[in-house]
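Engineer: Need the 3D shape of this:
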Amino acid sequence: MKSQDTPFEGGPMDGRVLPVLVGPTGNPPKTYRIPVPDAAGGPPTVLVYRRVPRGHSKRLGLPQGWKYAFDPEGKRGGGLKWPWSKPPGRQAG
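Structural biologist: Okay, the predicted model is just below:
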C-alpha cells in the first residue's frame, strides 16, 4: 500500500508529519483518529483530525495536497449523505 507524508496542525500533534496510508484514489482518509492511552488505566482518549486542503492551484482551484487540522469536538462525521435522508437531530412526524 502507498503512504503519503501528511502534516498535522493544532492539538497535541501540531507540527508533526506522519506517513498516512492513501486510498485507491490517492487521497488520505477524511478523518484520522489517534487513540492516546490513559495514564490511570482508564479508557483511551481519541484525538480526531479532519483532512483539509493544503493549498489550491491558481488556475483551476484544485487542492494541492492535504493536511490534517485538529477537531477538538471530535464529532462522528462523514458517512454517506443521500438526498432522501433526514439531517441528524430531526424527528419524524
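Engineer: where do the strands sit along this protein?
Structural biologist: Assigned by DSSP state E, the strands in the chain fall at 3-9, 17-21, 31-36, 45-53, 66-70.
Engineer: which non-adjacent residue is nearest Gly11?
Structural biologist: Phe70 (3.3 Å; CB to CB, 6 or more residues apart in numbering). Any C-beta I mention is one placed from the backbone N, CA and C, and that applies to glycine too.
Engineer: Help me confirm that that neighbour comes into contact with Asp14.
Structural biologist: Yes: the criterion here is CB atoms under 8 Å, and Phe70 meets it with Asp14 at 7.4 Å.
Engineer: what do the two both touch?
Structural biologist: Residues touching both Phe70 and Asp14 (CB atoms under 8 Å, 6 or more residues apart in numbering) are Phe8.
Engineer: what residues are up against Pro7?
Structural biologist: By CB under 8 Å, 6+ apart, the neighbours of Pro7 are Gly15, Arg16, Val17, Arg54, Lys67, Tyr68.
Engineer: average model confidence for stretch 64-72?
Structural biologist: For stretch 64-72, mean pLDDT rounds to 91.
Engineer: contacting residues around Val20?
Structural biologist: Shown in contact with Val20 (CB under 8 Å, 6+ apart): Ser3, Gln4, Asp5, Thr6, Pro28, Pro29, Tyr32.
Engineer: roughly how far apart are the residue nearest to the fifth one when sequence neighbours are not counted and Lys30?
Structural biologist: Think Pro28. Leaving aside its chain neighbours, Pro28 sits nearest to Val20 (4.5 Å; criterion: CB to CB, 6+ apart). Going from Val20 to Lys30 by CB to CB, to the nearest Å gives 11 Å.
Engineer: Please apply the same query to Ser57.
Structural biologist: 21 Å.
Engineer: neighbour count winner among the two?
Structural biologist: Counting neighbours by other CB atoms under 10 Å for Ser57 and for Lys30 shows that Lys30 has the greater number, 14 against 9.
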